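Chemist: need a 3D model of the following:
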Amino acid sequence: MTKDQSQSVLVVDDDHNVLEVLDARLSSCGLNVLKADNGHEALKILGSRKIDLVVSDVKMPSMDGMTLLSEIIRLQPGLPVVFLTAYANVPDAVKAVRSGAIDYIEKPFDGKRLTEKIQMMLQESGETVSFDAISPPSEVEINDHTKSPAMKNLHGLVKKVARSNVNVLILGESGVGKERIAHQIHQLGSRRNNPFVVVDCGATPAGLLESELFGHVKGSFTHAVNDKKGLIETADTGTLFLDEIGNISHEMQIRLLRFIEDRTIRRIGGLKGTPVDCRIVAATNADLGEEIKAGRFREDLFFRLRVVTLTIPPLRERKADIPFLVNHFAEHFCREHGVETVSIPPTTLDWLCDYAWPGNVRELKNAIEGGIVLCRDNQLRPDDFHLAGITATGFESVADDSCLSLEESEKNTILRALEQTGGIQKEAAEVLGISRRAIHYKIKKYGIDASSIKARH
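Modeler: Numbers count the residues shown, from 1 in each chain. Down below sits the predicted model:
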């Protein structure tokens, strides 16, 4: 990073030894350092000088770090504040980050790494990040049109937390869009031009996850025929997204905790440690509090991951967003499948809004795609959703005993395609997106008399 003599850092700590150490370290890399041994003195300096960043202790007499942060936000909103804290006071630092601080650094700190981190923060704070400019268009559109107060609040938090480099834990049921929120955090931050690496902890076998994350050296185990870079190392300078973090083994929790603490990885079978600078965003649909009580998840790792926690509400709790999402997905899939734009009658929207959507946005998206493929006369109706396991009555999934079995649903879908095409099997196969051979097999399997079927009018 280029040193800039004009950048000024205000250091606030009641320990004069800490002030002197920080003064020496930061001055040596070309920064203008101002010192204050209490919050009141810091506010006086802020009122008389241009300051680019504040580094403050959390625990101080007279005026603590939280009070100082509140005054800074009131007087100079947007001024980055970094907290120094002992390990025992990490919860206070986490609270400060949630209140507007950009990050925190634990004591005792490594002088070189601390100065590098502060220089990076100064560089990042000088960049103006536009939400609309860097988010994918579909995400911006969805965010701008959300009607749910909970989602509006969530997107506001995403914009805010993206400016920092703190670890983020995203909670929510399966299908609510946790990876999309993680990607938005990456896209809105200073690391947006660097890698965004996704690790599916739930889908990766426990025996392979260590190698996937940390990599290995040649000969470290059977079939390790070459050196392999792990996904953590691949995410260097970018963001590492650990999806379904609640599923990792106890041994992997220990290794991950060690990496988060010292930001250095060692490949399996390797002797040399490699420093890695990546932001960590984790997600889970599990109740980690209960997992901790049951002894299945480490509490110290939990606290490291959840510096900021974002909770995505399920779709059933934000039904005001369903009409826009339905139209958004319908337009998308009409373009993708090359079909004429469908109309969605109010009765269909009402039906979709009444459904509980246990699979959340993912289920809605898949249901709309299936409906687009199967709808008749370019109108999306409630009975166009059988393939997604949603019946026109009862609003239940196929997992419920009262609903159609998968075979019954498949048979009805084929019958409707044949009705739509007047019993012409070739055209019905095209409607369903399957081969003629496949539809011949299905017709024979279900004993369907295709020649007797007439097109619906």
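Chemist: the helices in the stretch 101-250 of the chain, which residues?
Modeler: With DSSP state H, counting those that start in this stretch, the ranges of helices along the stretch 101-250 of the chain come out as 111-125, 131-134, 137-145, 149-162, 178-188, 206-214, 231-234, 250-262.
Chemist: need those helices in a markdown table (columns: mean pLDDT, mean neighbour count and distance to residue 320).
Modeler: In this view, the C-beta of every residue, glycine as well, is placed from N, C-alpha and C. As requested, those are exported to a markdown table (pLDDT from 0 to 100; neighbours: other Cβ atoms under 10 Å; distance: least, Cβ to Cβ, whole Å):
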| stretch | mean pLDDT | mean neighbour count | distance to residue 320 |
| --- | --- | --- | --- |
| helix 111-125 | 75 | 17 | 35 |
| helix 131-134 | 33 | 14 | 21 |
| helix 137-145 | 48 | 15 | 10 |
| helix 149-162 | 88 | 16 | 9 |
| helix 178-188 | 92 | 21 | 19 |
| helix 206-214 | 83 | 17 | 39 |
| helix 231-234 | 91 | 20 | 38 |
| helix 250-262 | 92 | 16 | 38 |
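Chemist: with distance to residue 367 added, can I get these in TSV?
Modeler: Converted to TSV, the helices of the stretch 101-250 of the chain look like this (distance: least, Cβ to Cβ, whole Å):
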stretch	distance to residue 367
helix 111-125	41
helix 131-134	29
helix 137-145	17
helix 149-162	20
helix 178-188	18
helix 206-214	32
helix 231-234	32
helix 250-262	35
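Chemist: mind checking which of those is nearest residue 61?
Modeler: Checking these against residue 61 by Cβ to Cβ gives helix 111-125 as the closest, at 23.8 Å.
Chemist: show me the contact partners of the closest one.
Modeler: 1, 3-4, 7, 9, 21-22, 25-26, 28-29, 31, 52-53, 55, 80, 82, 102-103, 105, 163, 165, 189-190 (Cβ atoms under 8 Å, 6 or more residues apart in numbering).
Chemist: can you get me a residue count around the closest residue to residue 8 other than its chain neighbours?
Modeler: Distances taken as Cβ to Cβ, 6 or more residues apart in numbering put residue 32 closest to residue 8, at 4.3 Å, once the chain neighbours are dropped. When neighbours are defined as other Cβ atoms under 10 Å, residue 32 has 17 of them.
Chemist: just the pLDDT at residue 32, thanks.
Modeler: Looking at residue 32, its pLDDT stands at 90.
Chemist: please apply the same query to the one 5 residues further on.
Modeler: As predicted, residue 37 sits at a pLDDT of 91.
Chemist: is it in contact with residue 17, as I believe?
Modeler: No: the criterion here is Cβ atoms under 8 Å, and residue 37 misses it with residue 17 at 11.2 Å.
Chemist: which one of those two is surrounded by more residues?
Modeler: It is residue 37, of residue 37 and residue 17, that has more neighbours when counted by other Cβ under 10 Å, with 18 against 8.
Chemist: which residues touch the more buried one?
Modeler: 12-14, 16, 19.
Chemist: among the residues you listed, which are located in helices?
Modeler: Among these, DSSP state H puts 16, 19 in helices.
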